[in-house]
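Visitor: this one's sequence-less:
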Ligand SMILES: NC(=O)c1ccc[n+]([C@@H]2O[C@H](COP(=O)([O-])OP(=O)(O)OC[C@H]3O[C@@H](n4cnc5c(N)ncnc54)[C@H](O)[C@@H]3O)[C@@H](O)[C@H]2O)c1
């Protein structure tokens, strides 16, 4: 039997509990320690999970029982913390966006290569059942050649729900870098790499009022555009419109629509693993072929909805990949290409000029239901 790898967390904020709640369903690793700039935050988190120990960041980095560290700090700290993790001789799996510049990404890539370590990054939602079914249908040319499409990720913002929402409105935040990764990563897994982008952007409100607890009434100075509309030209020739905004009260667009030479695919929200996929042949809706996938099965109740949430699937895949010496799907190359695309969208929004994309990446290998099952505990 393969050794269980020891995983530590750096960053014990909002998202850390999702990792701790969902990781036990996956094989190959145990999350055994956590650390944060604020030791009280780490101690409070550890108190809620059996077998989880709070350590200082330095102690976690020096721990012999830790093979991989998950970087759950804020975007502005990702590069520095991931560099420390690699320098300590541990693999890194980072929350998105894993770096905030191409230069940082290339430096991290070189360091990982020098140390013989892996870097992985979210989003991993593209491994979800409905997104993998969309991938299978596109690979089988069920809608022919994908010629164009639209994506919309628009809402009224983050300041009404997140307890500490400042970072969303600072450099490294904004809807392109915060929510865009889910859409752009999914488009790359479906269509391959991006060749160039054009965009326009605006910041309608320079200050945002926090209405969530405990900071209700505080204002945030907005330092990054909050409405950005882009067109992405893929290397395969597909043109995809991406509308992102935190200035929209309501809308009726679907998350992703892809228009092919034979039909269309309507893909559910790439921020989630499951959801309803729909396909047309010509103009007519058609029944989807049978598809069994464990990461499409609802396993959580949110309000009145049952959702499929398999967060940490990307980490489980990276751990299986380390153990079987194969590439991992939520790879550094995929994340870096995605970051370059997102930064290019922001640059194009500022300058009005088309921006060519310089990094390359392979489409991550598809993950059908049988392969996905091998990541789960029996
Ligand atoms: N909150 C969500 O629903 C959500 C969902 C998906 C992805 N994410 C991503 O997860 C990451 C973290 O988000 P969050 O909402 O948990 O943020 P958060 O602000 O709630 O928590 C971040 C934690 O990191 C700690 N930290 C910051 N810099 C550090 C450093 N240099 N060393 C050690 N600890 C440090 C902070 O003290 C804080 O406890 C972000 O990249 C975000 O995009 C969050």
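Guide: Good, I have the coordinates. Everything numeric here is computed off the predicted structure, so don't read it as measured data.

Visitor: only C-alpha atoms for contact and neighbour calcs from this point on.
Guide: Noted.

Visitor: could you pull out the helices for this structure?
Guide: 16-22, 39-47, 57-61, 75-87, 102-115, 129-139, 174-178, 180-191, 313-324, 332-351, 369-373 (DSSP state H).

Visitor: nearest to residue 295, out of those?
Guide: Ranking the helices of the chain by proximity to residue 295 (CA to CA) places helix 129-139 first, at 4.7 Å.

Visitor: near the ligand at all, the lowest-mean-pLDDT helix or strand in the chain?
Guide: Taking mean pLDDT, DSSP states H and E as the measure, the chain has strand 300-302 as its least confident helix or strand, at a mean of 88. No: contact of strand 300-302 with the ligand (CA under 6 Å from any ligand atom) is absent, the minimum separation being 13.4 Å.

Visitor: what packs against that strand?
Guide: Under the contact criterion of 3 or more CA pairs under 8 Å, 6 or more residues apart in numbering; DSSP states H and E, strand 300-302 touches strand 305-307.

Visitor: contacts for the strand it packs on next, please.
Guide: Outside strand 305-307, the residues that touch it by CA atoms under 8 Å, 6 or more residues apart in numbering are 274, 275, 297, 298, 299, 300, 301.

Visitor: which residues touch the residue in the stretch 251-378 of the chain that the ligand sits nearest to?
Guide: Nearest residue of the stretch 251-378 of the chain to the ligand (CA to the nearest ligand atom) works out as residue 271 at 8.5 Å. Shown in contact with residue 271 (CA under 8 Å, 6+ apart): 125, 179, 182, 183.

Visitor: same list, the helices of the chain, but as a markdown table with mean neighbour count, distance to residue 30 and mean pLDDT please.
Guide: Shown next, in a markdown table, are these (neighbours: other CA atoms under 10 Å; distance: least, CA to CA, whole Å; pLDDT from 0 to 100):
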| stretch | mean neighbour count | distance to residue 30 | mean pLDDT |
| --- | --- | --- | --- |
| helix 16-22 | 16 | 9 | 97 |
| helix 39-47 | 17 | 14 | 98 |
| helix 57-61 | 19 | 15 | 98 |
| helix 75-87 | 20 | 18 | 97 |
| helix 102-115 | 16 | 23 | 98 |
| helix 129-139 | 23 | 24 | 98 |
| helix 174-178 | 25 | 27 | 94 |
| helix 180-191 | 24 | 26 | 97 |
| helix 313-324 | 22 | 10 | 98 |
| helix 332-351 | 24 | 22 | 97 |
| helix 369-373 | 15 | 18 | 98 |
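
Visitor: JSON lines for these, including distance to residue 221?
Guide: Formatted as JSON lines, the helices of the chain follow (distance: least, CA to CA, whole Å):
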{"stretch": "helix 16-22", "distance to residue 221": "26"}
{"stretch": "helix 39-47", "distance to residue 221": "26"}
{"stretch": "helix 57-61", "distance to residue 221": "30"}
{"stretch": "helix 75-87", "distance to residue 221": "16"}
{"stretch": "helix 102-115", "distance to residue 221": "26"}
{"stretch": "helix 129-139", "distance to residue 221": "36"}
{"stretch": "helix 174-178", "distance to residue 221": "12"}
{"stretch": "helix 180-191", "distance to residue 221": "21"}
{"stretch": "helix 313-324", "distance to residue 221": "34"}
{"stretch": "helix 332-351", "distance to residue 221": "18"}
{"stretch": "helix 369-373", "distance to residue 221": "43"}
